Structure formats: C-alpha cells, structure tokens
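Peer 1: I'll drop the sequence and a predicted model, then ask my questions.
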2 protein chains.
Amino acid sequence: MPQAAPASEQEFLTLIDRHFPNAHQHMPVARGDDCVQLVCPPDMVLSGDLFLQDIHFRTSYFSPADIGWKALAVNISDIAAMGCKPLGFSLGLMVPPAAQGLSGDFWNELFQGMAALAALHDLPLTGGDLSQAPMLGLNITIWGEPGPQGRVLQRRRCWPDDVLLTVGRFGLVRTGLMALEQKGPQAIEQYPQAVAAHLRPHPRVTEGLELAARRAVRGCMDLSDGLAQDLPRFLGPALGAQLDIPKDTLHPETLAWTKKQGLNPVQFAYLGGEDYALLACVAPAEADVILGAIPDATRIGTVTGTPGITLNGNPVPSAGFDHFANT
Amino acid sequence: MPQAAPASEQEFLTLIDRHFPNAHQHMPVARGDDCVQLVCPPDMVLSGDLFLQDIHFRTSYFSPADIGWKALAVNISDIAAMGCKPLGFSLGLMVPPAAQGLSGDFWNELFQGMAALAALHDLPLTGGDLSQAPMLGLNITIWGEPGPQGRVLQRRRCWPDDVLLTVGRFGLVRTGLMALEQKGPQAIEQYPQAVAAHLRPHPRVTEGLELAARRAVRGCMDLSDGLAQDLPRFLGPALGAQLDIPKDTLHPETLAWTKKQGLNPVQFAYLGGEDYALLACVAPAEADVILGAIPDATRIGTVTGTPGITLNGNPVPSAGFDHFANT
C-alpha cells in the first residue's frame, strides 16, 4: 500500500528526523529551535542555491531521489568550487498542494536521495523552513571551511600565461538534458552517462581540496552555467583566453548526440550548462605536475593578457546560458 | 516614465549593487563568487525563512517595499529570538515571468524596503541566488553571533514557577491580517497600527540582547505561529502554563476588531500568528526587575510542573496555526 503523504508540519519533521541524524559533531544543538547553532572555524564560506520544479528539474524524468540528490549536489559544488570542505546545510522546502498528488513514497524517496549524498560527505541537515507553495522547490543553504592549507580559491585570480584546466567533463550534462527533454526517461538507454551526469551530479569536493592545497593553483570556480558564460566571469574584464579543446577530448556520448543533431560538438560543449566541473588557473611552470596529480584534470587552454576568447583558433562571442533569457 | 524591469541576471545584480553596499566589516570579500566568505565568531546562529507570494504576502495590499522589508524582518526575528545579534544575510530570489508585469519600479522599491531595514541593523547582503519561478518569492538566510554575555537563548529551558513574559503585542498582526483580507488596503484607515504590524514588523533585536544579558532569563523564542502553537513548543512536553491575560492588556485595535466580528478577543490574540513578539521564561525572583527594565515586556503567566495550558482559568486545546492545515 502506498504511504500517505505528510499532512502537517509535524509529520514532515518526523519524516525528516527518520532520514537525517539529529546529532552530529558539526551541530552542537539538535534541530528544532529558531536558529541552528554552529561551532565555527575562524573563516567560513556559505552559499545557497534554489532548485525549483520545471525550472531546474522536471518530475517527468527526475525520480524523487534524483531531486533530493541534485538539490544538495549543486550546493556542495559551490563549496568545492572554492577549494573548501562542506560542514552542514539547511533546507527551505516548498511543498505543493496535496492536489498535485505527491505521495508519502515520493517524499520518502526524495529525502533518501538527499540523505545518501549528505552521508557521503558527512553533512548534517541542521534545520530549515517548510512552506506551502504553488510548486515543489528546495532552497538549500550550505556552509564549509577552508581545506587543510587554509586557502579559499576565488575567481578573477588568473595571471597571463596561466594554464586553464578543468576537473570533470563539460558538455556532458547538456547532452543528458537535451536527450531527456527530447526522449524522456528512455534517453538513458542511448546516453546513460550523460543522463546520470544530469540527474545525479557528483560534486568535486576532493579535487577542490587538492587544488587548494597547491600554491600554484591561483583560482577556481565551478561551471554551473557553462564555459561560455562562466569563463569570462573567471577571467574578469582585463584578461582573455586561448582555448584548445580537441574534439576527441569530449565524452563519446556528447560526440554521438551532436553528430545525430548536426551540431558542432566543441561549440556545444563550450556552451554547456550545469557541468559542475571545476575550472582552475595554474602557474604555467607547475601545470604538468598538477595535471598529472589530479584525476580527471584536463588542460583546456591558457590565459591571455588581453580580453577576448578564442576556441581552437576562432574568436567566440561571450554568450552562454542566462537564467533570465526567456523572461 | 516607468523604469524597465531587469531583463537579465546581470541587470538584477546591478540593481542589487545600487541598493546594497558591496563592502562591509562582516563581509571580507565582495559579492560575486561561488560562496560568501565570512569572518566568524567562535559560535554562530543561522536561520532561513521562505517568504512566498500568496502564502506569506499578497501583492494586492503589500507594497513592494513592504515585501522587501518583511522578508528580511521575519528572518532577523529568528536571530532576536535567541538573544543574538544579526551579522549578515543572503537572498535567494524567485522572479516570476515578465508576463506577470512586475516593473522596474517594483523591483527598485522592493530592494529599497529591504535595504532600509538592513541599514537599521547594519547588515550586509553578502550574496545569493536568482532564479525564474512561477511566483515571486524570497528565501533569506541570516546569521548572527551571541550578544555581549555570550549566551544563546533556547526553547525548552523553563522551570516550574518561572514567569512567562512577552516583549511586544500578540494578536495585533492577526488583527491587521484579517482586516486587510476583508477590506484590502483601506483597512489602514480603521486599523493603522494593526496593518503596520502586519506589513512592517519590527524585529526585537535590542530586547532579545537585553534578555540574553540577564542570567535570570532562562529561555526565549519568537512568536511566529501564534501563542497557541508556539507556547507548547517553548514549554516542551513535560510542562504546562497558567496564563493570565486580562482583556485590557490587548491592543485597542484588536479589541475593536474582535468586538465588530463578535469574537472573544483573548482567544483571538492567543491564536495570533506572525506576532514576532518574544516569549521568554524568567526565574520568579527576578521577574519584576526584568519586567521593569525591558520596555514592552508584559507578564502573561507562569509555568506549571505538569502539562496542560489554562487561559484565564479555562483549559485550552493545543491547536494553533499549521502551515499545512489546508494542504
């Protein structure tokens, strides 16, 4: 028999207590007061991302567990982006009317998916807020501390001639998104890795900490809106980049998808979106050592002392994915 | 000529930069990276509240500036509730489709209202997230530090015979809400203070810090869901309370409204909702000193050693406002 959906605030809190331990070394006081209490390192980083139905996910091809997982993953990635270690998170949950028919099993699986990723990173859910809303939505706030070397990696720290590298694939999530939007859940048969990358991204916390531990790494960010949009933010207005991205460094599923659609695979991957790969700049003398030491790190180009970006020799416009492009 | 609405993420960020200073002693690095960086005291408190169109506010009688003000006020109140001092906040902003016609002036005024309250409490806006959404919504995350005495006031710290006191009126916001729902914006003519209390609540930070500075104050919370709902949470399951709330301690506008509607004013005020008054428990020997020292502090009853609440001699059911009662 399907489980009944939580019918009151208290039933939601009980369900959350079942999935998320209410005691943790980073949470000196249990959930349930007006605020969370934190024992703080001297420096912290903090971030928050919205994850909304039909904007960031669709219930037609995200399982409830995928929704819970990804809502947290995109937030953990913001901490990884700065070379830091996540410590805890809180959840603002927007619950649609019962008429939309989300069952008890749905909520159970959503929290299971989120709790699984939280456990992987040893993160307590410290509290939050619950509200009715016209649609399902999650606003997670996450915080963390600098890694062992105490560094916090920022954007706009590149020097001319720095090597640009990414950790993780770019273009793969866009492949998964496009395939899911066109084919629905069965996209997984032809594009299993692209679909998995879209539904269940793995934030690069370990790699972010490894980058931060090396002085030659000057700055880092995560690619949430695609290289085309994020690279200019990373460089700042005074610098440019010369990118060299051979087609065969892209994921085979990205190559297969773009071939089928008659698209230029490198441009497609450059536009990207939601890659959650890390983008870093490294002093040139140390680049090879770092590329060799960090799994999945790939050289994609070099920083130039003047503005403008070239991709495999051709100048590119600085256009990417804008969240408001179609409002 | 009316101002055009921001049409891109960048235009929103530019508008936000115009209203909120991008440098502050509690914000070591300017807005614009993946995370906010914080310089932390050893202990911190953190909270977040959703503020959603047609759930928490209506655009028919909230001005844009009221929306910006109240979204932040309810969050500051969570910090005040623990006797702490707010240090900064971040904003997750849900932007409805352009078709809903929110103008540039609307956004300008919304940020003005929020910035005015932020300036009163010297709070930097440190960053956040922007997303399209089906409706207007704000998710604020706020953090703070304990006051000069280093205490953090919690719930469930009452002893039997403690004096219960409130700082600020309860029942007044419910008066304003009911009047606005029935009469629209012209409710302000007959119920000016009730309407103001609903649209522009003033969080009780100073009073919360004063409570925390006195050892005789054992615990505190803010009344966001009304005394009926919040008092049992404050007491915990083992204790009860004997409330003595003379009718003439209620606000004259609450008395006028309930008389007109044929309602019992004390029960009406007890149900309350969104009062953002503080509720504290105090060792009996020190109660008079504290009541005399803190403006707007009122004795409402005493804690009993057994469960159950009486209101002016009559037992009351523990029912209040549940955010999900009508889902």
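Peer 2: Thanks, I have the structure now. If you're wondering where the values come from, they're calculated on a predicted model, not measured in any experiment.

Peer 1: Okay, residue A:149 and residue B:29: tell me how far apart.
Peer 2: To residue B:29, residue A:149 is 18 Å away according to C-beta to C-beta, to the nearest Å. Using the backbone N, CA and C atoms, a C-beta is placed for each residue, glycine as well.

Peer 1: What of residue A:264?
Peer 2: Distance from residue A:264 to residue B:29, by C-beta to C-beta: 38 Å.

Peer 1: quick one: which of those two has more around it?
Peer 2: residue B:29 (18 against 11; other C-beta atoms under 10 Å in any protein chain shown).

Peer 1: and that one, how far is that from chain A?
Peer 2: From residue B:29 across to chain A, the span is 7 Å (C-beta to the nearest C-beta, to the nearest Å).

Peer 1: which SS class is the closest residue to that residue other than its chain neighbours?
Peer 2: Closest residue in space to residue B:29, ignoring its immediate chain neighbours: residue B:37 at 4.5 Å, by C-beta to C-beta, 6 or more residues apart in numbering or on different chains. At residue B:37 the chain is in strand, as set by DSSP: H, G, I helix; E, B strand; the rest coil.

Peer 1: burial measure for residue B:37, as a count.
Peer 2: Residue B:37: 21 neighbours (other C-beta under 10 Å).

Peer 1: Let me know whether it touches residue A:152 as I believe.
Peer 2: Yes. With contact defined as C-beta atoms under 8 Å, residue B:37 counts as touching residue A:152 (6.0 Å).

Peer 1: list the residues that contact both of these two?
Peer 2: Common neighbours of residue B:37 and residue A:152, using C-beta atoms under 8 Å, 6 or more residues apart in numbering or on different chains, are A:43, A:45.

Peer 1: Pull up the residues of the stretch 51-200 of chain A that are close to chain B.
Peer 2: Within the stretch 51-200 of chain A, the residues that sit near chain B (C-beta under 8 Å from any C-beta of the partner chain) are A:52, A:54-56, A:78-79, A:81-82, A:84, A:90, A:92, A:94-95, A:97-98, A:126-135, A:137, A:139, A:141, A:143-144, A:152, A:154-155.

Peer 1: Tell me where the stretch 201-327 of chain A has helices.
Peer 2: A:205-212, A:227-235, A:252-261, A:265-271, A:287-293 (DSSP state H, counting those that start in this stretch).

Peer 1: Now do the fourth one: distance to the chain's middle.
Peer 2: Read that as helix A:265-271. The chain centre lies 19 Å from the centre of helix A:265-271; the measure is C-alpha atoms, centre = their mean, to the nearest Å.

Peer 1: how about the CA coordinates for that helix, as PDB?
Peer 2: Provided in PDB are the C-alpha atoms of helix A:265-271 (Å, rounded to 0.1, in the frame of the first residue of the first chain):
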ATOM      1  CA  PRO A 265      30.500  19.200 -30.700                       C
ATOM      2  CA  VAL A 266      33.100  21.600 -29.400                       C
ATOM      3  CA  GLN A 267      30.800  24.600 -29.500                       C
ATOM      4  CA  PHE A 268      28.000  22.500 -27.900                       C
ATOM      5  CA  ALA A 269      30.300  21.500 -25.000                       C
ATOM      6  CA  TYR A 270      31.600  25.100 -24.700                       C
ATOM      7  CA  LEU A 271      28.000  26.400 -24.200                       C
END
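
Peer 1: which strands and helices sit next to it?
Peer 2: Helices and strands touching helix A:265-271, by 3 or more C-beta pairs under 8 Å, 6 or more residues apart in numbering or on different chains; DSSP states H and E, are helix A:172-183, helix A:227-235, helix A:252-261, strand A:308-311.

Peer 1: just the longest one next, same as before
Peer 2: In terms of contact count using 3+ C-beta pairs under 8 Å, 6+ apart, helix A:252-261 is assigned the packing partners helix A:172-183, helix A:192-199, helix A:265-271.

Peer 1: Just want the angle from that helix to helix A:172-183.
Peer 2: With axes from the mean of the first three to the mean of the last three C-alpha atoms, to 10 degrees as the basis, helix A:252-261 and helix A:172-183 are set at 50 degrees to each other.

Peer 1: Need the residues that contact helix A:252-261.
Peer 2: The contact list for helix A:252-261 (C-beta under 8 Å, 6+ apart) reads A:169, A:171-172, A:174-175, A:178-179, A:190-194, A:247, A:263-265, A:268-269.

Peer 1: Filter those residues down to the buried ones and hand me the ChimeraX line.
Peer 2: Buried subset of the contacts of helix A:252-261, written as a ChimeraX selection, criterion 16 or more other C-beta atoms under 10 Å in any protein chain shown:
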select /A:169,171,172,174,175,178,179,191,193,194,265,268,269
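
Peer 1: Pull the number of nearby residues for residue A:258.
Peer 2: Residue A:258 has 22 nearby residues by other C-beta under 10 Å.

Peer 1: ditto for residue A:134
Peer 2: 18.

Peer 1: which SS class is residue A:156?
Peer 2: coil.

Peer 1: I should have written residue A:47 there, sorry.
Peer 2: Per three-state DSSP, residue A:47 ends up strand.

Peer 1: isn't it right up against residue B:35?
Peer 2: Yes. At 4.1 Å, residue A:47 counts as touching residue B:35 under the criterion of C-beta under 8 Å.

Peer 1: domains for chain A, by residue range?
Peer 2: For chain A, automatic domain parsing gives the domain ranges A:9-146, A:163-315.

Peer 1: where in chain A is pLDDT low?
Peer 2: A:1-2, A:318-327 (pLDDT under 70).

Peer 1: Try it again at 50.
Peer 2: Counting by pLDDT under 50, chain A contains low-confidence residues at A:320-327.

Peer 1: Listing partners with orientation, what would you give for the lengthiest strand in it?
Peer 2: For chain A, the strand that runs over the most residues, judged by DSSP state E, is strand A:84-95. Strand A:84-95 sits in its sheet next to strand A:125-132 (parallel), strand A:137-146 (antiparallel), going by DSSP bridges.

Peer 1: Could you check how far it is from the centre of its chain?
Peer 2: Using C-alpha atoms, centre = their mean, the offset of strand A:84-95 from its chain centre is 13 Å.

Peer 1: Stretch A:3-10 too?
Peer 2: Stretch A:3-10 sits 30 Å away from the centroid of its parent chain (C-alpha atoms, centre = their mean).

Peer 1: Report the separation between the two terminal residues of it.
Peer 2: Length of stretch A:3-10, first residue to last, C-alpha to C-alpha, to the nearest Å: 16 Å.

Peer 1: Redo the helices and strands packed on helix A:252-261 as CSV? Include distance to residue A:161.
Peer 2: CSV is the format used below for the helices and strands packed on helix A:252-261 (distance: least, C-beta to C-beta, whole Å):
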stretch, distance to residue A:161
helix A:172-183, 29
helix A:192-199, 32
helix A:265-271, 22
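
Peer 1: which residues are in contact with the next helix or strand after the longest strand of chain A?
Peer 2: Downstream of strand A:84-95, the first helix or strand assigned by DSSP states H and E is helix A:104-120. Residues outside helix A:104-120 that contact it (C-beta under 8 Å, 6+ apart) are A:2-6, A:12, A:15-16, A:18-20, A:63-69, A:71-73, A:76, A:89, A:91, A:124-125.

Peer 1: change it to 7 Å
Peer 2: Helix A:104-120 is contacted from outside by A:2-6, A:15-16, A:19-20, A:63-69, A:71-73, A:125, using C-beta atoms under 7 Å, 6 or more residues apart in numbering or on different chains.

Peer 1: For the helix or strand hosting residue A:189, list the C-alpha coordinates in PDB.
Peer 2: Secondary structure from DSSP H and E places residue A:189 in helix A:187-190. Extracted C-alpha coordinates of helix A:187-190, given in PDB (Å, rounded to 0.1, in the frame of the first residue of the first chain):
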ATOM      1  CA  ALA A 187      17.200   8.600 -23.100                       C
ATOM      2  CA  ILE A 188      19.100   6.600 -20.500                       C
ATOM      3  CA  GLU A 189      19.400   3.700 -23.000                       C
ATOM      4  CA  GLN A 190      21.500   5.500 -25.500                       C
END
